[in-house]
Each structure stands twice: as C-alpha cells, then as structure tokens.
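Participant: Quick one: sequence and predicted model below, then my questions.
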Amino acid sequence: MEQQFEVENIKCGGCMNSIKTALLKLEGVTGVEIDKEIDTVLVNGDFNREAIVEKLNDLGYPEKGNNTLIRKAKSYVNCAIGRMTDNTND
C-alpha cells in the first residue's frame with residue numbers, strides 16, 4: 001500500500017529526517033518519501049493509517065488544516081533533533 005499525507009510545518013532537512021526516522025519505526029512501514037516543497041509525506045508498506053496520522057501529530061507535522069500552536073512548537077523541537085542526527089545537507 002502507498003498513501004500520501006499532506007502535512008504542515010515541514011521546514012527543512014531536519015524536519016524530513018525526524019519524520020522519516022520516526023515513521024520507519026512504525027509497524028508495517030517499509031518506505032517514506034518526503035517532498036518539503038509541496039509538504040507531502042508518501043508512506044509505503046502495510047500500515048495503519050491512523051497510526052501514521054497520530055505519529056505525525058505527535059511530531060508536530062499534522063495533516064493540512066489541523067495545525068495548532070503546540071504542534072508547531074513540537075515541529076521546531078523535532079526539526080532541531082533531526083538536524084543534529086542528519087548526516088546529509090539540505
């Protein structure tokens with residue numbers, strides 16, 4: 001199965017690294033591709049859609065239209081973490 005999620009708050013490679021790392025840890029997820037230009041996350045595998053949405057919310061990258069100040073703040077924290085653990089450049 002392949003499903004695309006339109007999300008909020010993707011700012012950089014750090015954000016992308018945090019999202020990819022977290023989603024790949026979820027049961028059934030075999031691949032994650034992120035396009036920060038159009039704010040989409042493409043997930044491959046045999047997974048529960050709600051688990052993906054919940055994890056994205058927890059990280060601060062909710063689906064379009066579901067952003068809050070708290071989620072935006074979480075995204076900045078996860079962005080920083082992603083930048084510290086990312087071995088590639090933006």
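Facilitator: That came through fine. Numbers count the residues shown, from 1 in each chain.
Participant: In three-state terms, label the most centrally placed residue in the chain for me.
Facilitator: Central residue of the chain (Cα atoms, centre = their mean): Ile19, 3.2 Å from the mean position. Using DSSP: H, G, I helix; E, B strand; the rest coil, the structure places Ile19 in helix.
Participant: again with Gly65
Facilitator: Three-state assignment for Gly65 (three-state DSSP): coil.
Participant: Same question for Gln4.
Facilitator: Applying three-state DSSP: Gln4 is strand.
Participant: worst-scoring helix or strand of this structure, pLDDT-wise?
Facilitator: Taking mean pLDDT, DSSP states H and E as the measure, the chain has helix 69-85 as its least confident helix or strand, at a mean of 89.
Participant: so what's the nearest residue to Arg71 once chain neighbours are set aside up against?
Facilitator: Leaving aside its sequence neighbours, Arg71 sits nearest to Gly60 (Cβ to Cβ, 6 or more residues apart in numbering; 4.7 Å). (Glycine included, C-beta is placed from N, CA and C.) Each residue near Gly60 by Cβ atoms under 8 Å, 6 or more residues apart in numbering is listed here: 9, 70-78.
Participant: quick one: low-confidence parts of the protein?
Facilitator: Within the chain, the ranges that satisfy pLDDT under 70 run 87-90.
Participant: switch the cut-off to 50
Facilitator: By pLDDT under 50, the weakly predicted segments of the chain are 89-90.
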